[in-house]
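**Student:** Here's my sequence, what's the structure:
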Amino acid sequence: MECHPTPLQRKSERTADGKVETITFEPEPGLSLSLQRNVVADPARLAILLDLDGGAEAVEKGNLAEQLKAAGWMVVSVDLRATGRNAVKGDKIGNAPDHNSAEWSLWIGRPLLGQWAWDVQRTLDALLEQDGKLPKDVAVIGTRSAGTVALCAGALDERITRVVTINSLATYVTEQPYSGQRLGLMAPAIVRDVGDISHLAALVAPRPVMIAGGVRGNAAPVSPTGLRELFQFTDQVYSLLVTEPTMPFKIVAPDDVVDSLR
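**Tutor:** Down below sits the predicted model:
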């Protein structure tokens, strides 16, 4: 995706108690997104939580966000374009919850996967402009379909210091019809020209990547042994690039994410 930065148009509002801030910004002209965050004085750790199915509402009601806040993280939730509160009315057709918006993105030559990754980068730009700096540790955590978006954003933006996927697509390759996955993840020729999910994860190296559970295209869970097989390429790349005793590439259970981030 080719899209050059434009000046951010943004506004910031805080709740009466000053604990939650909403920043509305334009990732590109004519498109408005909003992020929410808990207000932390001079935070050292930032977690951007992505969920294409429920967006900010799912994050706000989720236990993961509360656990991260309790562990001292500033937690940001954002509805990316055509998802959550920004979802397109009547978008779902068949098994594709984003059929129309994904189709339109292909018509203009900008697959949603690239547009979503761009939105994550512009979310960082909005935070940087608001605060004057970003925390030292910036994690992007993608749940379900958003895991692939998190990997792509991490590969493209080195300000992201770590990426976590939770119960996300573990491989594009499937012998069964896709179910429960976003059509927007299917960028044309991505497997041929870039690779599978394991190759996207390797592009983040040597920065940490954590795979917390995973599913196949038909939404069937992948066992820990299956995940190690699917991400063998990623593991090999990290083994070549990283010499520290602690391997920054991990496969963990979804319930262990917060503890593994400490």
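
**Student:** Can you check the pLDDT for residue 239?
**Tutor:** Per-residue pLDDT puts residue 239 at 93.

**Student:** hmm, I was thinking of residue 153
**Tutor:** 98.

**Student:** Which residue, other than its chain neighbours, is closest to it?
**Tutor:** In space, not counting the residues next to it along the chain, residue 153 is nearest to residue 120; the distance is 3.9 Å by C-beta to C-beta, 6 or more residues apart in numbering. Placement of C-beta: from N, CA and C, glycine included.

**Student:** part of a strand, is that neighbour?
**Tutor:** No - counting by DSSP: H, G, I helix; E, B strand; the rest coil, residue 120 is located in no strand; its state is helix.

**Student:** And it, how close does it get to residue 109?
**Tutor:** Between residue 120 and residue 109 the distance, using C-beta to C-beta, to the nearest Å, works out to 20 Å.

**Student:** number of nearby residues for residue 220?
**Tutor:** Residue 220 sits with 12 neighbouring residues when counted by other C-beta atoms under 10 Å.

**Student:** Show the pLDDT at the nearest residue to it once chain neighbours are set aside.
**Tutor:** With sequence-adjacent residues excluded and distances taken as C-beta to C-beta, 6+ apart, residue 220 is closest to residue 176, at 7.7 Å. At residue 176, the pLDDT value in this model is 91.

**Student:** What helix or strand is residue 176 located in?
**Tutor:** Applying DSSP states H and E as the criterion places residue 176 outside every helix and strand.

**Student:** residues touching it, list them.
**Tutor:** Listed by C-beta atoms under 8 Å, 6 or more residues apart in numbering, the contact partners of residue 176 are 216, 217, 218, 220.

**Student:** for it, phi and psi?
**Tutor:** Comment: the main-chain dihedrals of residue 176 come out as phi -110, psi 160, following degrees, to the nearest 10.

**Student:** Quick one: distance of stretch 14-28 to the chain centre.
**Tutor:** In terms of C-alpha atoms, centre = their mean, to the nearest Å, the centre of stretch 14-28 is found 20 Å from the chain centre.
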